[in-house]
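1. Predicted coordinates and the sequence they were generated for:
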Amino acid sequence: MRGKKQSMRELRKILHYRLELLVSASETSAALHKSKGTVIEAIKRFKSSGLSWPLPETMTDTILEEALYPKSDKRKRKDIPLPDMAYIHREMSRPHMTLQRLFEEYREAHPDGLKRSSYFRYIHKHRLPDMSMHQNHSGGQKLYSDYSGDSLSYIDISTGELVPTQLFICSWGASSYSYIEARKTQKKNEFTQVHVNSFAYFGVAPYAIVPDNLKSAVTKADRYDPLINTHFGLMCEHYGIAVLPARVRKPKDKAIVESNVLHVQEFILARLRNRQFFSLYEVNEALWQELEIYNERPMKDYGGLSRRQRFEAEDVPNAKALPLKPFTITMVKDNVLVARDYHVHFEKHFYSVPFIFIGKRVNIRLSGTLVEIYHDNQRIACHQFSLRELKFTTVTDHMPKAHQYVAGWSPGYFLDEAGKIGPATVQVIEILLKRSIHIEQCYRSARGILSLAKPYSPQRLEESCKRVLIFKNVSAQSIKAVLQQGLDKQPLLIQNQTEEKPVVLHENIRGAESFSNTNTEQQQSTTGKKLCI
């Protein structure tokens, strides 16, 4: 029986008119605005279905539709091999693979198999959940990274304060294999280091990283040409990785890691919610134990395969091998001006460079314990990292010959300038010039002291120098502190005063004679005891 399929609501009306009200087909057609053929066909379908009137109240429209419009029982050819969906999913995660190529291979293996349209229709109907995503993830290609909004905290033993942490998560696009680590902050050096740690955990590196648009990764966000942070960019160059930042406010660009953030919160953080930690190390140890369980869990949507199994099958064979040495640059500072004393300031310390680079801009890299200084992409100096604050590390070869300062400064210049202020200022400058092996190192401090005469006054600077000379605390910091606190305006207290203090008379205070009598009695008592012995 052929004919347009009627809605169950309309069909129930036709049956009601014909079987319940006993209205003729012509009258039913006119009343319901249906053709007479449609009414007749509906009654024929009802009679051939084997149903009886009235219909049971429990009969749903779905059951009625299946009875009146049964699916064709045309037998399908059972000898036609169907595509292997698990195989197709694995192959589609490999680089440069397409469904067209897989169809061609299928037809080569099964010449009498499904035609192209039937093949693609079957794939579309039975494909796995992640194949329906907008992004097609190839094995070993991309690693997605982000921070979780929720994390763990630990108790600082020394202060008793609760210290929050930042939970970093990165996941492979094809396998969803993940790495997590808690850090104190999301600063540039920490963000770069957790990626280095993740590569060590994976044993391979991706061809591209898709980070969020946080400042630690992207200095300036732009849809077409984002400016990548220098430190993070150097790390990616070391591993040969491209950086593809997600678009601003486009979480679907990194849906894989967004999904894993949610799963980590529900699976790992929920399991550790009642644990108490006393260090960042303890937090990470607990996280990494749970991470192994998380990566080993079977995933029902992928035939029971775990993230680790999919990672080893899909990502590892197609990812990049790690370089022989890991990335070791832990801090970066760019566009640093070389001062007139041919030193650069880095992490509260001064490092020398060859004097010919005075006035140039350089880039500084901290690699392990080495401070490397570059100009025009060439290394011009290398020093051991120093923790001595506001001190100098100077290489003799970096200095001008015969200690002649090429920038126009000299000891005589600073002494002459100090003489315009006062003798105490001259004495302070002389002390500074005698302190260092390389006299040029003191020029910066001398210049800083003399410059204080402008915001304050030469008179106040002179008084401040007098004060630090008396207390033997000569430094630019101490002089500046005196001026800021206004101590130069207060009179100096001389400790060696010879003035006699007035005697305080009070009825409760005994005189010296009382103590002398007491001492005499004690001596007599002691003498008597000795004689008795």
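-> Good, I have the coordinates.

2. What are the boundaries of the helices in the stretch 151-300 of the chain?
-> 188-202, 230-239, 255-264, 270-271, 280-296 (DSSP state H, counting those that start in this stretch).

3. Just the residues contacting the fourth one, thanks.
-> With CB atoms under 8 Å, 6 or more residues apart in numbering as the test, helix 270-271 has contacts from Glu290. Yep, even glycine has a C-beta here, placed from its N, CA and C like the rest.

4. hmm, back to that, redo the helices of the stretch 151-300 of the chain as JSON lines? Include mean neighbour count.
-> As requested, the helices of the stretch 151-300 of the chain are arranged in JSON lines below (neighbours: other CB atoms under 10 Å):
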{"stretch": "helix 188-202", "mean neighbour count": "20"}
{"stretch": "helix 230-239", "mean neighbour count": "19"}
{"stretch": "helix 255-264", "mean neighbour count": "20"}
{"stretch": "helix 270-271", "mean neighbour count": "12"}
{"stretch": "helix 280-296", "mean neighbour count": "16"}
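
5. In the stretch 201-350 of the chain, where is pLDDT below threshold?
-> Counting by pLDDT under 70, the stretch 201-350 of the chain has low-confidence residues at 213, 215-226, 246-257.

6. still on that earlier bit, what would the helices of the stretch 151-300 of the chain look like in JSON lines with distance to Asp334?
-> Shown next, in JSON lines, are the helices of the stretch 151-300 of the chain (distance: least, CB to CB, whole Å):
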{"stretch": "helix 188-202", "distance to Asp334": "12"}
{"stretch": "helix 230-239", "distance to Asp334": "6"}
{"stretch": "helix 255-264", "distance to Asp334": "29"}
{"stretch": "helix 270-271", "distance to Asp334": "42"}
{"stretch": "helix 280-296", "distance to Asp334": "29"}
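
7. can you tell me which of the ones you listed comes nearest to Gly37?
-> helix 255-264 (52.0 Å; CB to CB).

8. Can you get me the centre-to-centre distance for stretch 449-462 and its chain?
-> 46 Å (CA atoms, centre = their mean, to the nearest Å).

9. Alpha carbons of it, in CSV - could you do that?
-> Presented in CSV, the C-alpha positions along stretch 449-462 are these (Å, rounded to 0.1, in the frame of the first residue of the first chain):
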residue,chain,number,x,y,z
ILE,A,449,73.4,60.1,45.8
LEU,A,450,74.2,63.3,44.0
SER,A,451,70.8,63.2,42.2
LEU,A,452,69.0,63.4,45.6
ALA,A,453,69.9,67.1,45.7
LYS,A,454,67.4,67.9,43.1
PRO,A,455,64.1,66.4,44.6
TYR,A,456,65.1,67.5,48.1
SER,A,457,67.8,70.2,48.3
PRO,A,458,71.7,70.4,48.5
GLN,A,459,71.4,71.5,52.2
ARG,A,460,69.3,68.5,53.2
LEU,A,461,71.6,66.2,51.3
GLU,A,462,74.6,67.6,53.2
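
10. residues of that stretch that come out buried?
-> Buried residues in stretch 449-462, counting neighbours by 16 or more other CB atoms under 10 Å, are found at 449-450, 452-453, 456, 460-462.

11. Same question for stretch 154-166.
-> Neighbour-count burial for stretch 154-166 flags 154, 163, 165-166 (criterion: 16+ other CB under 10 Å).

12. of the residues you listed, closest to Asn318?
-> Gln166 (30.7 Å).

13. returning to that earlier point: tell me which of the helices of the stretch 151-300 of the chain sits nearest to Gln427.
-> Per CB to CB, nearest to Gln427 of these: helix 188-202, 43.6 Å.

14. now that closest one and helix 280-296, what's the angle there?
-> Per axes from the mean of the first three to the mean of the last three CA atoms, to 10 degrees, the angle that helix 188-202 makes with helix 280-296 is 40 degrees.

15. Give me the helices and strands touching helix 188-202, please.
-> Here helix 188-202 touches strand 142-148, strand 166-172, strand 178-183, helix 230-239, strand 329-337, going by 3 or more CB pairs under 8 Å, 6 or more residues apart in numbering; DSSP states H and E.

16. what about 7 Å?
-> With contacts taken as 3 or more CB pairs under 7 Å, 6 or more residues apart in numbering; DSSP states H and E, helix 188-202 sits against strand 178-183, helix 230-239.

17. that older thread, with pLDDT and distance to Pro245 as new columns, can the buried residues of stretch 154-166 be given to me in TSV?
-> As requested, the buried residues of stretch 154-166 are exported to TSV (pLDDT from 0 to 100; distance: CB to CB, whole Å):
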residue	pLDDT	distance to Pro245
Tyr154	95	31
Val163	94	29
Thr165	94	24
Gln166	92	19
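
18. Including distance to Lys44, could those residues go into CSV?
-> CSV is the format used below for the buried residues of stretch 154-166 (distance: CB to CB, whole Å):
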residue, distance to Lys44
Tyr154, 77
Val163, 79
Thr165, 73
Gln166, 71
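
19. returning to what we had before: could you redo the helices and strands packed on helix 188-202 as JSON lines and give each row distance to Asn274?
-> Below are the helices and strands packed on helix 188-202 laid out as JSON lines (distance: least, CB to CB, whole Å):
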{"stretch": "strand 178-183", "distance to Asn274": "17"}
{"stretch": "helix 230-239", "distance to Asn274": "36"}
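
20. Ok, which of these comes nearest Gly139?
-> Here strand 178-183 is closest among the helices and strands packed on helix 188-202 (CB to CB), at 15.5 Å.

21. Direction included, what does the closest one pair up with?
-> If you go by DSSP bridges, strand 178-183 pairs up with strand 166-172 (antiparallel).

22. Off-centre distance for the strand it pairs with?
-> The mean C-alpha position of strand 166-172 is separated from the chain mean by 8 Å, CA atoms, centre = their mean.

23. Let me know the distance separating Thr58 from Leu64.
-> Counting by CB to CB, to the nearest Å, the gap from Thr58 to Leu64 is 11 Å.

24. same thing with Gly368?
-> From Gly368 over to Leu64 (counting by CB to CB), the distance is 78 Å.

25. again, but for Ala453
-> In terms of CB to CB, Ala453 sits 101 Å off from Leu64.

26. What of Leu322?
-> Using CB to CB, Leu322 is found at 64 Å from Leu64.

27. Please apply the same query to Val468.
-> 102 Å.

28. which of the two has more neighbours?
-> Val468 (23 against 18; other CB atoms under 10 Å).

29. Hmm, Val474 and that one touching each other?
-> Yes: using CB atoms under 7 Å, Val468 is in contact with Val474, at 5.3 Å.

30. Now do the same for Lys47: helix, strand or coil?
-> Under DSSP: H, G, I helix; E, B strand; the rest coil, Lys47 falls in the helix class.
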